[in-house]
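What would the 3D arrangement of this be:
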Amino acid sequence: NVIDKQLDIMLNIYKALIRPKLEYCVQLWCPTACHGNWGTILELEGIQRRFTRLINGIGTLPYSDRLDRLNLTTLAERRIRGDLIETFKIVSGQVLYGQNLFKLGRSRRNLLTPRIKSGNLSRDISRINDNFITERVRPFWNDLPKSVRDVTSIDDFKASLESYKRSAKCLSPSNFWYVSAQVLEKIEGNNYLSNKLKFNQYLRNNSFVAKKKLGINIHP
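I've put the predicted structure just below:
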């Protein structure tokens, strides 16, 4: 058990001990945001939701507000961002593996991963093919501006991704951060905020329950 649940301490614990386990070898098993995968996606997201709820001062905030306060994104967005970084390392020759994994177009920028004809595959194998990194990363990679893809170092690529996200004026399904809007809509849709207010009021009136049952310090 963690005695001191101050923001900086908890955030460091999460980044060092918990999130790496949720992202271990993620390029091999990352679920795409589609029908049939949402249960897994939301279950993984629930781990981050529960942990951020334990942090003093923000535990009763809506999940999206907690992410903003902690400067975090959804885990689903981080997985896509990780795919893009891994793709950049391979395409730009930063690593010695995966050289034959992607096929580039004539511009040497867009990914043209060939697909196996679905008629030759069972439904289960076809679904695995769609979830493989070469397929799931393609629309997000091809959406990146030339200025992002043409940088020469991994650190510059990461910085360019964040700059592109901050400067975007509209949201498109091909944006790598679009999945966060989908995740938050599923978590915070319908009557989420009104129910959250009622639940928070209950916790304020029953701080002992909040602390013992949920680990939330209402009055840290």
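
okay, CA-based contacts and neighbour counts for the rest of this
Will do.

In this structure, what helix or strand scores lowest on average pLDDT?
helix 123-131 (a mean of 60; mean pLDDT, DSSP states H and E).

Keeping just the C-alphas, turn the very next helix or strand once past that helix into CSV.
The first helix or strand that comes after helix 123-131 along the chain, using DSSP states H and E, is helix 133-136. Output in CSV follows, covering the C-alpha atoms of helix 133-136 (Å, rounded to 0.1, in the frame of the first residue of the first chain):
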residue,chain,number,x,y,z
ILE,A,133,0.8,-3.6,-36.9
THR,A,134,1.3,-3.3,-40.7
GLU,A,135,-2.5,-2.9,-41.1
ARG,A,136,-3.6,-1.0,-38.0
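
Check whether residue 143 really touches residue 172, as I assumed.
No - at 9.5 Å, residue 143 and residue 172 do not qualify as touching, with contact defined as C-alpha atoms under 8 Å.

More neighbours: those two, which one.
Neighbour count, other C-alpha atoms under 10 Å: between residue 143 and residue 172, residue 143 has more, with 15 against 12.

how near is that one to residue 85?
Plainly put, residue 143 is 14 Å away from residue 85 if you go by C-alpha to C-alpha, to the nearest Å.

try residue 131
In this view, residue 131 and residue 85 are 17 Å apart by C-alpha to C-alpha.

Which residue ranges of this structure form strands?
Counting by DSSP state E, one finds no strands in the chain.

show me where pLDDT drops low in it?
Applying pLDDT under 70 to the chain flags residues 1-3, 113-129, 199-200, 202-203, 208-210, 212-213, 218-220.

let's see it at 90
Scanning the chain for pLDDT under 90 picks out the ranges 1-5, 35-36, 57, 59-60, 99-110, 112-132, 169-170, 188-220.

Between residue 131 and residue 85, which has more neighbouring residues?
A direct count of neighbours by other C-alpha under 10 Å for residue 131 and residue 85 places residue 131 higher, at 21 against 18.

residue ranges of the helices in the chain, please?
Per DSSP state H, the chain carries helices over the ranges 7-13, 19-22, 26-29, 38-53, 63-70, 75-91, 123-131, 133-136, 138-143, 146-149, 154-167, 178-188, 192-205, 207-214.

Cool, thanks, talk later.
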